[in-house]
Structures are given as structure tokens and as C-alpha cells.
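Trainee: Whatever this is, show me its structure:
(one chain, ligands or ions: 1)
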Amino acid sequence: MTLLVQPRRVNEPFSELALLLDFCFGDKAILFDLGDLSALSPREILRVSHVFVSHMHMDHFSGFDRLLGVSLYREKQVHIIGPPGLAAAVEAKLRAYTWNLLNEGSHDFTIFASDWTEEGFATAAAFRARRAFEREGWRNTSTRIPLDDPEFSVEAVTLDHGIPCLAFAFQEKLRVNVHRSRLDELGFPVGLWLTNAKRAVRRGADAATEFTPNAGRKVTLGELLRDRAMVCGHGQRIVYATDLAFHPENVTRLSNLARCADRLFIEAGFLEADRNLAAVKKHLTAAQAGAIARQAGAISAYPMHLSPRYLGRQDELRVEFEAGFLGGFESK
Ligand SMILES: [Zn+2]
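Mentor: Got it, this is the predicted structure:
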């Protein structure tokens, strides 16, 4: 199976949150949340083109400084997208530092910060290193979903965490599987041409598009699909949801976003014995998180954002999460 991205939790489950979606081909990555990034190498951080922030509680946003520090002297653009207040939060972070050494001769590092609501993008701003990160007006003209690329999209819903908190879904538009045995029978080697052919399928290229697997021998996209060297299926869906109160509206909204997700990463921080505490803090218990994953029909689900009060008791949380996911828990 050929996947467009591989998701990876940046930190262990009791630590600050960040999920890296690393593209398997090309120099590109996406981050869901911006907690502590010290476990990422500069090279990995420099691949990040888009950051989606659920909300600006510290454990979801403190990694901004490392992103800034690594990127500052690079020719790079990064988009940061979050709930209302995100652009102001980015500006406040930037205002905390002194930038007298930046000028028009500096590297062209630019941050585009956008507030997203269910109605689409609201406030947005650009901050350029060459302008000492002065706030500049900028309009995000993307559609209602936060990001729409020819090969994938990122969708969002607003959940209630006492404040608006975004959950995200990465949707690969088309999964392209290569049948290696058919390739061998046809006498085609693997290589860069195949990567380009898969990309062409995902982007909806014309069937007559030609590739050159062997010197002097061409093949069209249509022939590769007809001969079943490449087979298309539904693209993978990766959903990320954290920091939400357990009430019917949140459950319905998240279940819809996570419907049949291949992978659901979901906060599961509290034991059932402490469900009242979880409710006060507007978080899910592990069992509630598992039950939501079950209701959504997620194919696989991964508990995350465990409360440090349970350090050393991770297995108890996992047992309750599994009970919810497998149907051994009645949500009340
Ligand atoms: Zn929070």
C-alpha cells in the first residue's frame, strides 16, 4: 500500500501535543498542534508548510518558539491556522522579541497566520522577517475547508472546550496502490517515474499522460491503470481531536468528522473514576474517547494527551479506552 503521509506523534502521550504528518514523497510535512517540538530535528521542522492549531492553551502552542527559531534565517513560508485569536496570538509571540537586526536584506521567512471559523477564514495577517515581523494585512482566500490541495484536503470542525477548539481531518483524495508483480510482468522498474505517475493519478491527470519507465519505452497513465499496475481506492483519512467536553453536540460533530477514519488520534486523558474532574476541565475520559471512536466507525484509534496525574498508570487508561472502543462502555 502506498500512503501519501505517515502520521507520527512527536512526544510521548503525557507530554505536550503535536502530530507530524510527514509526506512520504517530496519535502513536505504538516503539523497538527504546536506543543513542544524539541523532539523534531531542524530538518523535519523546515519541511513543515502548514501548522493547524486546535487552540492556544500553552501545551498546544508553546512550540511556536522552536518553529520560529529554526526557520528565522531561511527562505521559507509557513501557514499557521487556528481558531479565532490565532493571528493575534502569533503577533503577541513575535512582539516578545527584539528584531532590530532584521531588515530588507534578511532571509525571506514569512508567517501567514489565519483565524478559521465554520464560516471560513476571518482575520488573517502576514509577518515577514524582512519587515521585522510587523503585522501586514493579508487575506486567506481558501475555501471553507482550511486547506484544499490537488492531492489532499484538511477539514476542520469547531468543538467546545469552554473556548472554541478545532479538530482536524486530513483527507487523501485518492489512494494509489502499485501492484509490484504486475509491474514486473510488464517489465517496468520502480523509480521516480512511478512516483510521478501516482501523483498524476491523484491530481486527476489525463489518461494520455506519458511516462518513460525504460529508456526508449513509454507508457500512458491509462495503460498503467488498465493493466492494473496501479489501482485506485479511497484515500486515507487521519483525524486529530483533542480538548473537548463530553456532551452530545461535541460528540455528534466529532463523530461526523471522524466517520470511518483510518486513524483517529483522540485525547483520552482521564480515568472514569475521575469523570467529574474531566468534565470540569472540559476534557474526555479515556472511555468516552473510545466510545466516540466506536460511534464514528474509526478503523483504528490512538489515545493521546494523557493527564500527568496518571504517570505510570498508562495501562489503566488504555484498558478503559479499549473498553469504550470495543463496546464495553455505555456513555451516559
Ligand atoms: Zn486545552
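
Trainee: and Ala197, how many neighbours does it have?
Mentor: 25 (other Cβ atoms under 10 Å). Every residue, glycine included, has its C-beta placed from N, CA and C.

Trainee: ok, and the closest non-adjacent residue to it?
Mentor: Nearest in space to Ala197, with sequence neighbours left out and distances taken as Cβ to Cβ, 6 or more residues apart in numbering, is Phe211 at 5.2 Å.

Trainee: Please identify which helix or strand holds that neighbour.
Mentor: Per DSSP states H and E, Phe211 falls inside strand 210-214.

Trainee: for the following helix or strand past that strand, packing partners?
Mentor: Downstream of strand 210-214, the first helix or strand assigned by DSSP H and E is strand 217-220. Helices and strands touching strand 217-220, as assessed by 3 or more Cβ pairs under 8 Å, 6 or more residues apart in numbering; DSSP states H and E, comprise strand 210-214.

Trainee: Mind listing what's buried along the strand it packs on?
Mentor: The neighbour-count check on strand 210-214 (16 or more other Cβ atoms under 10 Å) flags 211, 213 as buried.

Trainee: neighbouring strands for that strand, and are they parallel or not?
Mentor: If you go by DSSP bridges, strand 210-214 pairs up with strand 217-220 (antiparallel).

Trainee: Could you pull up the mean pLDDT of the partner strand?
Mentor: Rounded to a whole number, the mean pLDDT of strand 217-220 is 89.

Trainee: go on, stretch 203-211?
Mentor: Here the average pLDDT along stretch 203-211 is 86.

Trainee: residue contacts, the residue of the stretch 1-150 of the chain found nearest the ion?
Mentor: With Cβ to the ion as the measure, His57 is the residue of the stretch 1-150 of the chain nearest to the ion, at 3.5 Å. Neighbour list for His57: Asp243 [criterion: Cβ atoms under 8 Å, 6 or more residues apart in numbering].

Trainee: Tell me the spatial nearest neighbour of the closest residue to the ion within the stretch 101-250 of the chain, not counting adjacent residues.
Mentor: Relative to the ion, the nearest point of the stretch 101-250 of the chain is Asp243 (3.8 Å; Cβ to the ion). Spatial nearest neighbour of Asp243, chain neighbours left out: His161 (4.4 Å); criterion: Cβ to Cβ, 6+ apart.

Trainee: Any idea how far the strand holding Phe211 is from the middle of the chain?
Mentor: Relative to its chain's centre, strand 210-214 lies at 33 Å (Cα atoms, centre = their mean, to the nearest Å).

Trainee: What parts of the chain come near the ion?
Mentor: With Cβ under 5 Å from the ion as the criterion, the chain meets the ion at residues 57, 243.

Trainee: what domains does the record give for the chain?
Mentor: 5-149, 174-231, 244-326 (automatic domain parsing).

Trainee: Out of the ones you listed, indicate the one that is most buried.
Mentor: Per-stretch averages of neighbours, counted by mean count of other Cβ atoms under 10 Å, single out domain 244-326 among those, with a mean of 20.

Trainee: that older thread, how deep is the residue nearest to Asp243 tucked in, by neighbour count?
Mentor: 21.

Trainee: Could I get the full set of helices for the chain?
Mentor: 42-47, 64-71, 86-95, 180-186, 192-202, 221-226, 248-257, 275-280, 286-296, 314-326 (DSSP state H).

Trainee: elements contacting the longest one?
Mentor: Read it as helix 314-326. By 3+ Cβ pairs under 8 Å, 6+ apart, helix 314-326 packs against helix 286-296, strand 301-304.

Trainee: and if we set it to 6 Å?
Mentor: Under the contact criterion of 3 or more Cβ pairs under 6 Å, 6 or more residues apart in numbering; DSSP states H and E, helix 314-326 touches helix 286-296.

Trainee: Mind listing residues that contact the helix it packs on?
Mentor: If you take Cβ atoms under 6 Å, 6 or more residues apart in numbering as the criterion, helix 286-296 is touched by 246, 251, 254-255, 258-259, 264, 266, 268, 272, 301, 303, 317, 320-321, 323-325, 329, 331.

Trainee: How about stretch 246-265?
Mentor: By Cβ under 6 Å, 6+ apart, stretch 246-265 touches 19, 157, 159-160, 167, 169, 236-241, 244, 284, 288, 292-293, 295-302, 304.
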